[in-house]
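Asks: need the 3D shape of this:
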Amino acid sequence: MIRSMTAFARCDVQGDWGALTCEIRTVNHRYLEPSFRIPDALRELENRFRDQLRTQLRRGKVDVALRFQSTETSSSLQVDESMVHAVNEAARQINRMLDNPADLNALDILRWPGVLISAEQDYSAARKAAESLFADTVAQLQTVREREGERLRPLFEERLNTMAILVADVRALMPELLKAQEETLRKRFEQAKVELAPERIAQEMVMLAQKSDVAEELDRLDAHIQEVTDVFLSDEAIGRKLDFLMQELNREANTLSSKSIDARVTRAAVDLKVLIEQMREQVQNVE
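Replies: Model (predicted):
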């Protein structure tokens, strides 16, 4: 199955505890690289989310943003009196050392960390909702990645079909080209008035045929094209394997070009390399 690494998903949920929004964006990356933005009240869920992503995704840069608006508010504010006395005494000591001491008012003391004590709030319901919301968002993301990936399938299939036709055309052309090459060589011997023994001529013909024979390259091109087609049927992550197959296809196309004995074979090799490069660009975005 073709899954794109570029996708976006968003889910929302509300309850008596407040409101949650989860957004996940993914782009192509060689490995799985998740990053999280989670409120402090729900920070303990990060490792759990990270483990869940590893079971669902194989590759891609993943940005997860979880936003939380709580409806719970503290009904009263408590003051740590010992902290207030400590801050006040410290301020007095500093004022005695200053030429122009400033007055310390109540608001200044309240801003000092630890002076105000807020009652610990219960976020268990919100955490449970966040877990379910995250799972729903990941599922939606997978659906989007699969949908985007399936849109790439016709592009791959069209290019693979064209490549198969090019390979078949070159294969059908080779007997004619080799025969023409043999005739050209014989004429050159005759024009140069070179008298060679029949066995020497046969040897030259064999060497020429070996240099011009591209049957092995054509066979490998056919095999790689079929392998790419088969890979698309796999449920596993296929991006890395496709990238390797694109390299192998390109190598055979280059060899075919280097052995070319006719402009038609050269054009076919160039067309193959263009098609392979087009597919390789798309493969970079496949999981």
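
Asks: V167: neighbour count?
Replies: 24 (other C-beta atoms under 10 Å). No exception for glycine: its C-beta is placed from N, CA and C like everyone else's.

Asks: for D222, see how far away it is.
Replies: Note on V167: its distance to D222, by C-beta to C-beta, to the nearest Å, is 6 Å.

Asks: what's the answer for Q78, then?
Replies: Applying C-beta to C-beta to Q78 and D222 gives a distance of 78 Å.

Asks: between those two, point out the one with more neighbours.
Replies: Counted by other C-beta under 10 Å, Q78 and D222 do not tie: D222 has more neighbours, with 16 against 11.

Asks: from what I can see that one touches I165, true?
Replies: No - D222 lies out of contact with I165 (C-beta atoms under 8 Å); the separation is 11.4 Å.

Asks: which helix of the chain spans the most residues?
Replies: Ranked by residue count and defined by DSSP state H, the top helix of the chain is helix 124-191.

Asks: elements contacting that one?
Replies: Here helix 124-191 touches strand 7-15, strand 18-27, helix 46-56, strand 60-70, helix 198-212, helix 215-231, helix 263-283, going by 3 or more C-beta pairs under 8 Å, 6 or more residues apart in numbering; DSSP states H and E.

Asks: can you give me the angle that helix makes with strand 7-15?
Replies: Here helix 124-191 points in a direction 170 degrees away from that of strand 7-15 (axes from the mean of the first three to the mean of the last three C-alpha atoms, to 10 degrees).

Asks: relative to helix 46-56, how tilted is helix 124-191?
Replies: Using the same axes, to 10 degrees: helix 124-191 against helix 46-56 is 40 degrees.

Asks: R58 is in what secondary structure piece?
Replies: For R58, there is no helix or strand it lies in under DSSP states H and E.

Asks: just give the number of residues close to G60.
Replies: Residues near G60, counting by other C-beta under 10 Å: 27.

Asks: let me see the domain layout of the chain.
Replies: 7-73+123-146, 78-117, 150-283 (automatic domain parsing).

Asks: distance from the first one to the middle of the chain?
Replies: Here domain 7-73+123-146 shows a centroid-to-chain-centroid distance of 19 Å under the convention C-alpha atoms, centre = their mean, to the nearest Å.
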